[in-house]
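Colleague: A predicted structure for the sequence below; I have some questions about it.
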Amino acid sequence: MAESLLGRIDSEHFVGVSAGTSRGQIHPLTLEVMNEIGIDLSRTTPKSLEDLTDYTFDFVIALDEKTARVCRNVSRSAETLRWKFDDPVAVSNDPQKQLRAFRMVRDQISQRLRLFVIVHVRPETTSLAGPRRMEATGRLK
């Protein structure tokens, strides 16, 4: 979610890369809620943190505490931010409640990314150095 949302919000200044602590499939409700806002993730291949060992990041955003601990080993030079979101799958067994939870998490991530971009896009970051690279990691795939 975060990678695609950041790309929509500000691909001029940031390159988003999403990964989880383990590689898995994108949850069907993630596909559905992203489709609702015009983002098709059906051809997206989920990545794990292990896939990103050759990357250098300016920022790493961890979406849960487990991931925050793992992220310290991935990119020591990056500024690590911890954003806590409820796990939408754990909210309920009711598919409609889960769908609402996925929408809420999608919207919360989008809102935080918008604020993040406002804070971090300053004249000195829009230099010829190019876009800054950011990774958002966690259970939400």
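Modeller: Yep, that arrived.
Colleague: low-scoring pLDDT stretches of the chain, where are they?
Modeller: The chain contains residues with pLDDT under 70 at 72-76, 122-141.
Colleague: cutoff 50 now
Modeller: Low-confidence segments of the chain, defined by pLDDT under 50: 125-128, 138-141.
Colleague: off-centre distance for the longest helix along it?
Modeller: Longest helix in the chain, counting residues (DSSP state H): helix 95-120. Put simply, helix 95-120 sits 10 Å off its chain's centre (C-alpha atoms, centre = their mean, to the nearest Å).
Colleague: in it, what's buried?
Modeller: Buried residues in helix 95-120, counted by 16 or more other C-beta atoms under 10 Å: 98-103, 105-106, 109-110, 112-113, 116-117, 120. (Glycine included, C-beta is placed from N, CA and C.)
Colleague: and stretch 78-90, by the same measure?
Modeller: Ala78, Thr80, Leu81, Trp83, Phe85, Pro88.
Colleague: surely the second one is in contact with Val70?
Modeller: Spelled out, it's Thr80. No: at 10.6 Å, Thr80 does not count as touching Val70 under the criterion of C-beta atoms under 8 Å.
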